[in-house]
Each structure stands twice: as structure tokens, then as C-alpha cells.
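Asks: Next come a sequence and a model predicted from it.
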Amino acid sequence: MMSRSRSNGGRFSSNNSVRDAEIKKQMNVYRENLHCVCRLAIRSMVEKASCEGVDDSCPEFKNLATILEHMLSHRLKGQITWFGLEGPKEFWDFIVAACSSLPHNSIATIINMEDAKTHKAKGRAWIRSALMEKRLAEYMSHAITNSRAIRAFYGEGAYMRSDECKEMSDIVIIFYHSF
């Protein structure tokens, strides 16, 4: 049974505004959780790196890469096909669009990788490459300034469209200076 209230001379109005407010609240909580978890993962990796070497096989590195993938995938818009259906987009498509103009980027290398066949695999390879090259902050800063690509790829309330994303870029810069 749908809850409706009688208002405006007998017309029915649904509780869409209440539902929309609840959805926005949940999106904000999810985005804030992503931000906090990423900060913890960075802190954990810094602590690990201060004691011993870090490579792409250590759990802290894998954890951070997974969190970054979630952040970059948060509220991606679907891709409209010629049938009018929405197909999923991957964050790799955004990275290519937003960061191809960055000098000395590794995007062409990753595109030509034979092991990474899907867009998700290419995106994961890019995260690993950006972390290992210590250029993630540079890529993120460049991507954040490309507002046209952000609007094209991310829906309202997405992590990449938030103030937390800009702050995270600064945190990643500090992270690299701690090594």
C-alpha cells in the first residue's frame, strides 16, 4: 500500500520528496564512508611503507586500489545505446576522456596492454600504474579540473563531483611526500 496524503483540494500527492531526501542522505553517507575508508587505507599504507617496502602484492596496496576503484565508480552515469537502453560505463572511460591531455600519461600504454582486455581491467591497471609511478595525485587533480568530463560521466551526488574528492587529491599528494 502506497502512503499518500490528501492535499490541494482533494488531489493526491505521493511522498516523492521524502523518498528523494532519504536517497540523497544515503548517497552522502556512502560518499563520506568512501572518503573515510580511503583516508584510513592511505594511513595504513604510509605506516607499512615507513617500516618496509610496498609493492603491488602487499595487502595495503590492494586495499587502497580497491577503494580507489569504488570511489571512481561511484554514481557513474549509464551509456545510452542506439536502442535507447543504458549500458554501464566504467571509470576507465572517464580517465581516458579526462586525462589523455596530461603530458607523459600511461593511458596509451594501458590501452595497448594485451593482458587487460576489458575496460574494468584497464581501469585497474591504470590505478596500479598511477600508484606505482606516484602520479595518482597528478591524474586526480587533472581529472577534477575537467568539469565537462565529470558532468558527462558522473551523476549528481557522485564522489568525483564532491568537495571530498578535491580534499582527497591533496591527501594523496601528502601521502607521496611521506615516502
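Replies: Yes, it's here.

Asks: avg pLDDT for the helix or strand where residue 168 lies?
Replies: For residue 168, the element it lies in under DSSP states H and E is helix 163-177. When pLDDT is averaged over helix 163-177, the result is 76.

Asks: Likewise for stretch 133-144?
Replies: Per-residue pLDDT values across stretch 133-144 average out to 89.

Asks: ok so, going back, residues contacting the helix holding residue 168, please?
Replies: Residues from elsewhere that reach helix 163-177 (Cβ atoms under 8 Å, 6 or more residues apart in numbering): 31-32, 34-35, 38-39, 42, 45-46, 71, 134, 136-137, 140-141, 144, 159. Just so you know, the C-beta spots here come from the backbone N, C-alpha and C atoms, and that holds for glycine as well.

Asks: Please apply the same query to stretch 98-110.
Replies: The list of residues contacting stretch 98-110 from outside it, by Cβ under 8 Å, 6+ apart, reads 95-96, 116, 122, 125-126, 129-130, 133, 135, 138-139, 142-143, 146, 149-150, 153.

Asks: 10 Å instead, please
Replies: Residues lying outside stretch 98-110 but in contact with it, judged by Cβ atoms under 10 Å, 6 or more residues apart in numbering, are 91-92, 95-96, 111, 113, 116, 121-126, 128-130, 132-133, 135, 138-150, 152-153, 160.

Asks: Now list the buried members of these.
Replies: 91-92, 95-96, 116, 122-126, 128-130, 135, 138-140, 142-144, 146, 149-150, 153, 160 (16 or more other Cβ atoms under 10 Å).
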